[in-house]
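A.B. asks: pasting the structure only:
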């Protein structure tokens, strides 16, 4: 499930989880489930950020190379 979620939705869900943990009295079992979900969402977000960073670097490198070839 978490692997298919968009970055913005994952961050939104993380905010919801944090609010629930901070603002409510939840039992240990529910807390455990929320923490596991949050950890999975964080992994997804980190992977998306890393992928975007690599794509941006590639575009910049290609642009720089193209500029040198035309220079």
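C.D. replies: Structure received. Predicted model only: the values in this text are computed from it and were never measured.
A.B. asks: what's the helix or strand hosting residue 16 packed up against?
C.D. replies: Under the criterion of DSSP states H and E, residue 16 resides in helix 7-23. Here helix 7-23 touches helix 28-70, going by 3 or more CB pairs under 8 Å, 6 or more residues apart in numbering; DSSP states H and E. To be clear about C-beta, it is placed using only N, CA and C from the backbone, and glycine gets the same treatment.
A.B. asks: If I take the helix it packs on and helix 7-23, what angle do their directions form?
C.D. replies: 150 degrees (axes from the mean of the first three to the mean of the last three CA atoms, to 10 degrees).
A.B. asks: helices or strands up against helix 28-70?
C.D. replies: Helix 28-70 sits against helix 7-23, with contacts defined as 3+ CB pairs under 8 Å, 6+ apart.
A.B. asks: follow-up on the earlier one: what's next to the helix holding residue 16, contact-wise?
C.D. replies: Here helix 7-23 makes contact (CB atoms under 8 Å, 6 or more residues apart in numbering) with 2, 5, 26, 31, 34-35, 37-38, 41-42, 44-45, 48-49.
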